[in-house]
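Asks: here are the coordinates; sequence isn't available:
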C-alpha cells in the first residue's frame with residue numbers, strides 16, 4: 001500500500017493506492033451482491049489474532065473483479081442480529097464442510113450439504129447463490145477441480 005498526501009497548507013488530502021486497497025474495495029463492493037455486511041479474504045482470516053473469537057463463514061472461492069485467480073472469502077457476521085447469528089452459527093460448519101467437498105472435487109456430496117444448509121436457513125442469500133451455482137455447474141457438466149462457485153466480477 002502506498003499512502004500519499006497532496007495539496008497545500010490550506011487544503012490537504014490523503015489517499016492510499018495498491019493492490020491491497022483495490023482488493024479491499026472489491027470485497028466491500030460484493031457484500032451487496034451476496035447480501036452480507038462484511039467479507040474478508042483468507043489472507044486476512046489467517047492473520048486474525050483471535051480467530052476463534054470471530055464469527056466467520058467460509059463462502060469458498062470467488063472470482064472478484066481485478067483478480068487473476070479466485071479469492072477465498074469469509075463472511076464476518078459478529079454484528080448480525082442474534083436470530084441471524086444463530087442461523088449462521090448452525091449453517092457455518094455445514095458450509096465449511098460443503099466447501100471442503102467442493103475443493104476436493106466431491107461435488108455431489110457438496111450439493112447435499114448446501115441443500116442441508118438451505119433447509120436450516122432458506123432465506124440465506126450466500127447459501128442460495130452457492131447452491132444455484134453448483135447445480136448450474138453440475139447440469140452443464142462444466143466442473144473442474146478447485147471450482148470457484150461464485151463469479152462476482
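Replies: Received it, and whenever you're ready, just let me know what you need. Every value quoted in this text rests on a predicted model; they were computed, and no experiment measured them.

Asks: residue boundaries of the helices in the chain?
Replies: For the chain, the helices defined by DSSP state H occupy 19-34, 42-47, 82-103, 107-120, 125-140.

Asks: closest one to residue 75 among the ones you listed?
Replies: helix 125-140 (6.6 Å; Cβ to Cβ). Where C-beta positions appear, they are placed from N, C-alpha and C, glycine not excepted.

Asks: mind listing what's buried in the closest one?
Replies: By neighbour count on 16 or more other Cβ atoms under 10 Å, the buried set for helix 125-140 is 126-131, 133-134, 137.

Asks: circling back to that earlier point, of the helices of the chain, which approaches residue 74 most closely?
Replies: Between the helices of the chain, helix 42-47 lies closest to residue 74; by Cβ to Cβ that is 4.9 Å.

Asks: other SSEs contacting the closest one?
Replies: strand 71-76 (3 or more Cβ pairs under 8 Å, 6 or more residues apart in numbering; DSSP states H and E).

Asks: the strand it packs on: partners in the sheet, and parallel or antiparallel?
Replies: strand 39-41 (antiparallel), strand 56-63 (antiparallel) (DSSP bridges).

Asks: how far does stretch 81-89 sit from the chain's center?
Replies: Put simply, stretch 81-89 sits 17 Å off its chain's centre (Cα atoms, centre = their mean, to the nearest Å).

Asks: which of the residues in it are buried?
Replies: 87-88.

Asks: so which residues make contact with it?
Replies: 55, 57, 75, 77-78, 80, 120-121, 124 (Cβ atoms under 8 Å, 6 or more residues apart in numbering).

Asks: quick revisit: quick one: the strands paired with strand 71-76 as a markdown table, columns for mean pLDDT, distance to residue 97 and mean neighbour count too.
Replies: Output for these, formatted as a markdown table (pLDDT from 0 to 100; distance: least, Cβ to Cβ, whole Å; neighbours: other Cβ atoms under 10 Å):
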| stretch | mean pLDDT | distance to residue 97 | mean neighbour count |
| --- | --- | --- | --- |
| strand 39-41 | 93 | 20 | 21 |
| strand 56-63 | 92 | 9 | 22 |
